[in-house]
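Undergrad: Predicted model and sequence below, questions to follow.
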Amino acid sequence: MGGFPGFGVWMNQNTQQPLKTGSMRSEDDKSKLVSPKESNNMELYHDSEEEDKQIKLWNVAERKHPWYDPPPKVKVTTKRGICHMNIEFTLGVTPLAAFENLRKPMSLSIDMSARQLLKNKSRKLLKKDGPREIVETENTVAFDFLWWSRAFPIKLIVDENIKDLTAKYKKEKMMFMKVFEGSYKVEPIFVDSERLCKHRLPKTREEYKKCSGGQGKVASKVIMNQYFQPFPPFNLPPFSWYINRITIRTTKTLLQMIQLSTATFRELS
């Protein structure tokens, strides 16, 4: 995923700690949060006025009844040595805002460790074709393995479609990983449909806007599939057990961080 921390082998005890809203910070909480209007290209395929209205609806609702994103649901299977993670989770922002925060996540750190776990280094546009963009992203992720501690780089090539809100990614450079690739898509959740759309549940955003009188909030459902396999000898037990376990745990933690960042976005918008 574009610039996403990378579900890498972040072998750090921080992944075992519970996350709290107050425990996550960035260099500048509000300025680092991604706004969907930052990219003019976005406005070619999405209604910026509707996005502004949704931000206001979410901000008002958040003060009265804060939205809760449950932890990501993760199903893990292994076939021929390749680990497959099927992941579903929600974000309490519009699909466009969710997509932007996935493709351009802010740098994240946890107060309890006083170290930056994810740092965005660069994002380079390689090719552009209408709504499709191919980019090269580089991040660093904190890494602890036995007595060795450092931040290591992760380079990904990401094929993004900002109209369909889908992306495919594949590693260009990543320590320990022979295979690391995946995809994700963002779908709308019509949060207030049962309350505001009495006669028929909407199937599209246009129907939802009409039946809710423009007062219905739209959240996001993210569906992700990720595949990874360590290089030899780390693909063999007991190394593989440890690497797979920590990679899966790290994935969940980093996704929860993104969920918390959208909570901050709702509060500060």
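TA: That came in fine, so what should we check first?
Undergrad: okay, now K185: neighbour count?
TA: 17 (other C-beta atoms under 10 Å). (C-beta placed from N, C-alpha, C; glycine too.)
Undergrad: Report the beta-bridge partners for it.
TA: K185 has these beta-bridge partners by DSSP bridges: T166, I223.
Undergrad: repeat for the one 4 residues further on
TA: In this structure, I189 has the following beta-bridge partners (DSSP bridges): A219.
Undergrad: I'd like to know how far it sits from L91.
TA: 9 Å (C-beta to C-beta, to the nearest Å).
Undergrad: Give the rounded mean pLDDT of the helix or strand harbouring T264.
TA: For T264, the host element (DSSP states H and E) is helix 239-268. Averaged across helix 239-268, the pLDDT comes to 87.
Undergrad: returning to what we had before: so for I189 and L91, which residue has more residues nearby?
TA: The neighbour count for I189 versus L91, taken as other C-beta under 10 Å, is higher for L91 (27 against 15).
Undergrad: residue contacts, the more buried one?
TA: The contact partners of L91, by C-beta atoms under 8 Å, 6 or more residues apart in numbering, come to 69, 97-98, 101, 219-220, 222, 258-259, 262.
Undergrad: and P72, what is it in contact with?
TA: P72 neighbours (C-beta under 8 Å, 6+ apart): 87-89, 251-252, 255-256.
Undergrad: how about the nearest residue to it, chain neighbours excluded?
TA: Spatially, and ignoring its direct neighbours in sequence, P72 is nearest to F89 (3.7 Å; C-beta to C-beta, 6 or more residues apart in numbering).
Undergrad: for the stretch 51-200 of the chain, what spans make up the helices?
TA: In the stretch 51-200 of the chain, the helices defined using DSSP state H, counting those that start in this stretch lie at 95-103, 193-196.
Undergrad: and the longest one, what does it pack onto?
TA: Looking back up the chat, that one is helix 95-103. Helix 95-103 sits against helix 48-64, strand 82-91, strand 166-174, strand 177-190, strand 218-230, helix 239-268, with contacts defined as 3 or more C-beta pairs under 8 Å, 6 or more residues apart in numbering; DSSP states H and E.
Undergrad: For the residue sitting nearest the centre point of the chain, give its distance to Q54.
TA: Centroid check for the chain by C-alpha atoms, centre = their mean gives L102 as the closest residue, at 3.7 Å. Separation of L102 from Q54 (C-beta to C-beta): 17 Å.
Undergrad: Equivalent analysis for F99, please.
TA: 14 Å.
Undergrad: Compare neighbour counts for those two and give me the winner.
TA: Neighbour count, other C-beta under 10 Å: between F99 and Q54, F99 has more, with 30 against 23.
Undergrad: Next, the contact list for the closest residue to L44 other than its chain neighbours, please.
TA: Closest residue to L44 apart from its sequence neighbours, by C-beta to C-beta, 6+ apart: P131 at 7.6 Å. By C-beta under 8 Å, 6+ apart, the contact list for P131 reads 41, 44-45, 161-164.
Undergrad: I'd like those residues as CSV, with neighbour count, distance to E172 and pLDDT appended.
TA: Output for these, formatted as CSV (neighbours: other C-beta atoms under 10 Å; distance: C-beta to C-beta, whole Å; pLDDT from 0 to 100):
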residue, neighbour count, distance to E172, pLDDT
N41, 14, 23, 70
L44, 11, 28, 87
Y45, 14, 27, 90
N161, 17, 20, 98
I162, 22, 21, 95
K163, 14, 25, 96
D164, 13, 23, 97
